[in-house]
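Asker: okay, sequence plus prediction incoming.
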Amino acid sequence: MRDKSTSSDAPAPAATETPQVPSAARKIYPIVKYGAAVLEKPGAPIKKFDAELEQLTEDMFASMYAAQGVGLAAPQIGLSLRIAVVDVTGGKNPEAKIVLANPEVVHAEGEVREEEGCLSVPGFRGYVLRPQFVTIKAQNAKGETFEIRGENLLARAFCHEIDHLNGILFLQHLSMLKRDLIKRKIKKLRKQGEW
Ligand SMILES: [Zn+2]
């Protein structure tokens, strides 16, 4: 999910804000944009939890920070897998890094209508109704099962990323009018070679 406060020309976070691994050591994946088939099909469950998967999740965090997002799902880097990373602090707090492998919503409560964006649909935003609180059951990069509760932006990020793993984009939650408007604009951008 895209951070609502960012713009395309905002400076990248300083290296001191992401102390775990120097970004130079990480692979920065290009983000797949709307129109790619991988974004609209469900991902395959993660079955193998090994060093390669841990590396992938760290590369996903690095790619997400580079794109100034607060969430990134594997289909957004072209991998049809049920894994996503979330950090609503943008790398400022290492403890806020959350890996969601095979996540599912076990409880949802309340409703919040807020503007939302997506790294795969750059430049477009829309109001989406999401639960105010959600409890997610998932596995971490080591395969350990855990439950985590999120509120407001974190709940929204969890739901947005789980949607990605099911092949659903936030566009599908918008009114038909708004969705068609965005799709038309993207079509035009594509014709101009800008998408
Ligand atoms: Zn997204």
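Answerer: Received the coordinates, thanks.
Asker: who are the packing partners of the host helix or strand of residue 72?
Answerer: Using DSSP states H and E, residue 72 maps to strand 71-73. Contact here means 3 or more CB pairs under 8 Å, 6 or more residues apart in numbering; DSSP states H and E; on that basis strand 71-73 packs against helix 51-66, strand 83-86, helix 153-165. All C-beta atoms are positioned from the backbone trio N, CA, C, and that covers glycine.
Asker: for the ones you listed, which one ends up most surrounded?
Answerer: strand 83-86 (a mean of 28; mean count of other CB atoms under 10 Å).
Asker: neighbouring strands of that strand in the sheet, and parallel or not?
Answerer: Strand pairing for strand 83-86, using DSSP bridges, gives strand 71-73 (antiparallel), strand 98-109 (antiparallel).
Asker: quick one: the first one to chain centroid distance?
Answerer: What that stands for is strand 71-73. 2 Å (CA atoms, centre = their mean, to the nearest Å).
Asker: need the residues that contact that strand.
Answerer: 1, 31, 43, 60-61, 63-64, 83-88, 119, 157, 160-161, 164-165 (CB atoms under 8 Å, 6 or more residues apart in numbering).
Asker: cool, the longest one as well?
Answerer: Strand 98-109 has contacts (CB under 8 Å, 6+ apart) with 45-46, 49, 53, 57, 82-87, 131-141, 143, 147-148, 155, 158-159, 161-162, 165.
Asker: 6 Å instead, please
Answerer: 45-46, 57, 82-86, 131, 133-141, 162 (CB atoms under 6 Å, 6 or more residues apart in numbering).
Asker: let's have the helices and strands packed on strand 71-73 in CSV, adding mean pLDDT and distance to residue 110.
Answerer: Below are these laid out as CSV (pLDDT from 0 to 100; distance: least, CB to CB, whole Å):
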stretch, mean pLDDT, distance to residue 110
helix 51-66, 97, 26
strand 83-86, 98, 19
helix 153-165, 98, 9
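Asker: so which of those is nearest residue 77?
Answerer: Minimum separation from residue 77 across those (CB to CB) falls at helix 51-66, 6.4 Å.
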